[in-house]
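> Predicted model and sequence below, questions to follow.
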Amino acid sequence: MVPKASITFVCTECGGETLRWAGQCPHCQAWNTLQEFQARKPEPGRRARSEPRQSGVGGSSRPVPLTEITSDSAPRRQLAWGELNRVLGGGIVPGSLVLVGGEPGIGKSTLLMQAARQVAGGGGQVLYVSGEESNQQVHMRAARLGALAEDILLLAETDLDAICEAITAVRPGLAVIDSIQTVTDPGLSGTAGSVTQVRESAARLMRLAKEEAIPIFLVGHVTKEGAIAGPRVLEHIVDTVLFMEGDRRQELRLVRAMKNRFGSAEEIGVFAMGEHGLEEVPDPSAALLSNATTSSPGTAIVVVIEGTRPLLIEVQSLVNKKEGGYPPRRVANGFDLNRLHMLLAVLDRRGGVPMGEA
């Protein structure tokens, strides 16, 4: 018998549920954030007929004394990148579910492909599931990054049932799903990326990771506001949330831990994007001060704390004299207004071009 579905409305901001649609979420008071969600009711007796879980990270279904549980049986997997190990809290934890977010083109797929190469180089097997690119496209990127290895298995699939079956059959040391917004459960309504699909797909992958002790990395898209696309409950389901940021016109990339159940949530990893992919920056202070001009007026070197380590950064300031009572009103079309203000100030101060009234 097909399980029945109950319709609720889920807030994309806080994950709160309500039985009726409203313009404002009754939990967080956000406007226009409620979306329809169909939750399937389990079949009667399904729990009794289901097979007992294997003793993985979650262990068996019976209660176990806390003193009898040891973490030595599931050690962390160390990667070749110390910067990524730092952000993850010391390495990849078996059975963990990690969400990696960032703007399009920032390097999320590159980061995970190179991490897969390091796991394969250490004797582990990796299952890379691509829901956005074909096998040929992923092969081209892997060849450019030098990540062609027999222990990296590629699966171009968006069906959640097929993905879970592949993970269970292969039992890799690491599974990568690129991306969670393209995965669909055929038993649920809604298109890929909807609240229903993203929420239930992430919850099912979390159960699979815990039961089979397989770490799973998810790639997440971001909205125009810079938040990870999908319901906010997605960030609550996963164990770790890593956010990749940086200017695509520059080479430096920062991987910041926004949430981490296995380590500090204030650590950052510094990487540099080059022709052959990402490279870790073991000395971020030297990289940040490589082009510093401490002899110029208006510059200073300060020390900031990021996570557990101090970093040296350069702070620049520029002050211009303003003629008249009020600054001129400027409008930019197709160009960042703050960047325009900065360029005009540099031209006025350093170039000798009077732009105070422009």
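Alright, I've got the coordinates. Numbers count the residues shown, from 1 in each chain.

> Stretch 276-283 - what's its average pLDDT?
For stretch 276-283, mean pLDDT rounds to 91.

> Can you show me the CA trace of that stretch as PDB?
In PDB, the C-alpha atoms belonging to stretch 276-283 read as follows (Å, rounded to 0.1, in the frame of the first residue of the first chain):
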ATOM      1  CA  HIS A 276      46.000  23.500 -11.700                       C
ATOM      2  CA  GLY A 277      43.400  23.900  -9.000                       C
ATOM      3  CA  LEU A 278      43.600  24.900  -5.300                       C
ATOM      4  CA  GLU A 279      46.700  24.900  -3.200                       C
ATOM      5  CA  GLU A 280      46.800  25.400   0.500                       C
ATOM      6  CA  VAL A 281      48.500  28.500   1.900                       C
ATOM      7  CA  PRO A 282      50.400  27.300   5.100                       C
ATOM      8  CA  ASP A 283      51.400  30.900   5.900                       C
END
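
> Next SSE downstream of the lowest-mean-pLDDT helix or strand in the chain?
Ranked by mean pLDDT, DSSP states H and E, the weakest helix or strand in the chain is helix 46-49, scoring a mean of 41. Next helix or strand after helix 46-49 toward the C-terminus (DSSP states H and E): helix 82-88.

> centre of the chain versus that next one, how much separation?
Relative to the centre of its chain, helix 82-88 is centred 14 Å away, using Cα atoms, centre = their mean, to the nearest Å.

> again, but for stretch 264-272
Distance of stretch 264-272 from the chain centroid (Cα atoms, centre = their mean) equals 13 Å.

> what does stretch 321-339 give?
Stretch 321-339 sits 36 Å away from the centroid of its parent chain (Cα atoms, centre = their mean).

> end to end, how far does it reach?
For stretch 321-339, the first-to-last residue distance is 19 Å (Cα to Cα, to the nearest Å).

> Can you give the domain ranges for the protein?
By the assignment in automatic domain parsing, the chain contains the domains 5-40, 81-282.

> Point out the most buried one among the ones you listed.
Comparing those by mean neighbour count (mean count of other Cβ atoms under 10 Å), domain 81-282 comes out on top with a mean of 19. C-beta: built from backbone N, CA, C; applies to glycine.

> Could you tell me the end-to-end distance of it?
By Cα to Cα, the extent of domain 81-282 from end to end equals 9 Å.

> switch to numbering from 18
With 18 as the first residue, the last one maps to domain 98-299.

> pretty sure Gln154 is in a helix, no?
Yes. Under DSSP: H, G, I helix; E, B strand; the rest coil, Gln154 sits within a helix.

> list the contacts for the closest residue to it other than its chain neighbours?
Closest residue in space to Gln154, ignoring its immediate chain neighbours: Ser147 at 7.9 Å, by Cβ to Cβ, 6 or more residues apart in numbering. Neighbouring residues of Ser147 by Cβ atoms under 8 Å, 6 or more residues apart in numbering: Gln154, Val155, Leu171, Leu172, Ala173, Glu174, Asp195.

> Just the element for the most centrally placed residue in the chain, please.
Ranked by distance to the mean C-alpha position of the chain (Cα atoms, centre = their mean), the top residue is Val117 at 1.7 Å. Using DSSP H and E, Val117 falls within strand 114-119.

> Need the contact partners of that strand.
Everything outside strand 114-119 that qualifies as a contact, by Cβ under 8 Å, 6+ apart, is 105, 109, 125, 128-129, 197, 219, 222-223, 226, 232-239, 245, 251-252, 254-262.

> And the spatially closest residue to Arg94 that is not a sequence neighbour, what's its pLDDT?
Leaving out its chain neighbours, the residue that sits closest to Arg94 by Cβ to Cβ, 6+ apart is Ile109, at 4.3 Å. pLDDT, Ile109: 96.

> quick one: contacts for Ile109?
Listed by Cβ under 8 Å, 6+ apart, the contact set of Ile109 reads Arg93, Arg94, Leu96, Val115, Val136, Leu191, Pro232.

> Please report how far it lies from Asp176.
Ile109 is 26 Å from Asp176, where distance means Cβ to Cβ, to the nearest Å.

> Much appreciated, bye for now.
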